[in-house]
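K.L.:
Just to be clear, the model below is a prediction. Sequence and coordinates:
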Amino acid sequence: QVQLVESGGGLVQAGDSLRLSCTTSGITFSQYSMAWFRQTPGQERELIAAIAWTGGSTYYADFMKGRATISRDNAKNTVYLQMNSLAPEDTAVYFCAARFRGVRDSYSRPEGYTNWGPGTQVTVSS
């Protein structure tokens with residue numbers, strides 16, 4: 001059974017940093033590209049960052065460039081998202097997602113990912 005479980009969310013103040021983790025099981029983690037998305041009520045899920053299965057390339061949404069770092073630890077089957085300089089508009093539910101290395105699709109399309117975590121709430125107060 002495939003499971004992705006996010007952790008590290010919570011309530012922070014504007015300007016703070018936060019590190020999210022997503023631990024996986026049931027997949028050969030090293031063979032999967034991983035991504036972080038976020039979603040607010042009434043809005044579509046949007047990509048924050050993605051990291052290739054090789055770990056050799058990363059992709060960031062424009063709104064997060066310079067403020068976020070995605071990384072992976074294959075030994076721990078875990079992907080991380082370090083976010084800095086958080087602002088109230090970053091308040092959302094944050095999801096991690098996985099797709100097999102053979103998928104040829106834009107990282108930004110949620111439809112390209114086969115497995116998702118339940119999400120973790122991040123709330124940034126002003």
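P.N.:
Looks like it came in fine.
K.L.:
which residues does the residue nearest the centre of the chain contact?
P.N.:
Note on the chain: the residue nearest the mean C-alpha position is residue 36, at 1.7 Å, using Cα atoms, centre = their mean. Applying Cβ atoms under 8 Å, 6 or more residues apart in numbering to residue 36 gives the contacts 20, 22, 47-50, 70, 79, 81, 94-97. Where C-beta positions appear, they are placed from N, C-alpha and C, glycine not excepted.
K.L.:
just residue 61 next, same as before
P.N.:
46-49, 108.
K.L.:
how far away is residue 37 from residue 68?
P.N.:
With distances taken as Cβ to Cβ, to the nearest Å, residue 37 is found 12 Å from residue 68.
K.L.:
Need the residues touching each of these two.
P.N.:
Joint contacts of residue 37 and residue 68 (Cβ under 8 Å, 6+ apart) are residue 48.
K.L.:
coming back round to it: please give the element, helix or strand, for the residue nearest to the centre of the chain.
P.N.:
Assigned by DSSP states H and E, residue 36 falls within strand 32-39.
K.L.:
next SSE after that strand?
P.N.:
That would be, after strand 32-39 and using DSSP H and E, strand 46-51.
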